[in-house]
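A.B. asks: need the 3D shape of this:
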Amino acid sequence: MAVDRAWAKTEMLLAEARAMLEARGVPLVVVALPCAIQFGRPWTRGPFQERLRAVCARHQITFVDPLPRMEAASPARHFYYYGDLVHPKPIGNEAIASAIVDVMAGDRGVARSLTARCQASQAGSAP
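C.D. replies: Purely as a prediction, here's the structure:
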């Protein structure tokens, strides 16, 4: 099935990206950006977010799903431009960024790696 082949390729590419970044001391963080039609429809989450979460877990990749936080905060109409189901307004971007910060703050490995990378960059020793 084409969908399964696409997921297999996605998994392979994510694993390659993680290995390449890890060799440089940079963590890979994957964010599953929700679209407006997913709000209030839990059955739409399974086909994408849960499958992507599983792929990331198999490869020890940090995964962020801002959808639950966004659903709890407000209806989708407040996060997306009218008539546009995929491009968030500034308030939507803030909610997504907040979810990313929360996950990264809780993931000490990512936080340590990014801190070290930033310090090395400021000192001029980052590649």
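A.B. asks: for the rest of this, base every contact and every neighbour count on C-alpha atoms.
C.D. replies: Noted.
A.B. asks: ok, the residue nearest the centre of the chain to Ile96 distance?
C.D. replies: Geometric centre of the chain, nearest residue: Val31, 0.9 Å, by C-alpha atoms, centre = their mean. Going from Val31 to Ile96 by C-alpha to C-alpha, to the nearest Å gives 9 Å.
A.B. asks: shared neighbours, these two?
C.D. replies: Both Val31 and Ile96 are contacted by Pro66, under the criterion C-alpha atoms under 8 Å, 6 or more residues apart in numbering.
A.B. asks: what's the strand or helix carrying Val3 in contact with?
C.D. replies: For Val3, the host element (DSSP states H and E) is helix 2-23. Applying C-alpha under 8 Å, 6+ apart, the external contacts of helix 2-23 come out as 27-28, 55-56, 59, 61.
A.B. asks: how about the residue nearest to the centre of the chain, what does it touch?
C.D. replies: With C-alpha under 8 Å, 6+ apart as the criterion, the residues that contact Val31 are 63-66, 100.
A.B. asks: show me these that map onto helices.
C.D. replies: Among the contacts of Val31, the members falling in helices (DSSP state H) are Ile100.
A.B. asks: pick out the most distant pair among the contacts of Val31.
C.D. replies: Using C-alpha to C-alpha, the two most remote members of those are Phe63 and Pro66, lying 9.9 Å apart.
A.B. asks: between the two, what contacts are shared?
C.D. replies: 31-32.
A.B. asks: which other helices and strands contact the lowest-mean-pLDDT helix or strand in the chain?
C.D. replies: Sorting the helices and strands of the chain by mean pLDDT, DSSP states H and E puts helix 108-123 at the bottom, at a mean of 73. Counting by 3 or more C-alpha pairs under 8 Å, 6 or more residues apart in numbering; DSSP states H and E, the packing neighbours recorded for helix 108-123 are helix 90-106.
A.B. asks: convert the helix it packs on to CSV, retaining C-alpha atoms only.
C.D. replies: The C-alpha atoms that make up helix 90-106 are tabulated as CSV, following Å, rounded to 0.1, in the frame of the first residue of the first chain:
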residue,chain,number,x,y,z
PRO,A,90,0.0,34.2,15.8
ILE,A,91,-2.0,32.8,18.7
GLY,A,92,-1.8,29.3,17.2
ASN,A,93,2.0,29.7,16.7
GLU,A,94,2.3,30.7,20.4
ALA,A,95,0.4,27.6,21.5
ILE,A,96,2.6,25.4,19.3
ALA,A,97,5.8,27.1,20.6
SER,A,98,4.6,26.7,24.1
ALA,A,99,4.1,22.9,23.6
ILE,A,100,7.6,22.7,22.1
VAL,A,101,9.2,24.5,25.0
ASP,A,102,7.4,22.3,27.6
VAL,A,103,8.6,19.1,26.0
MET,A,104,12.1,20.4,25.5
ALA,A,105,12.3,21.7,29.0
GLY,A,106,11.3,18.3,30.3
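A.B. asks: good, we can wrap up now.
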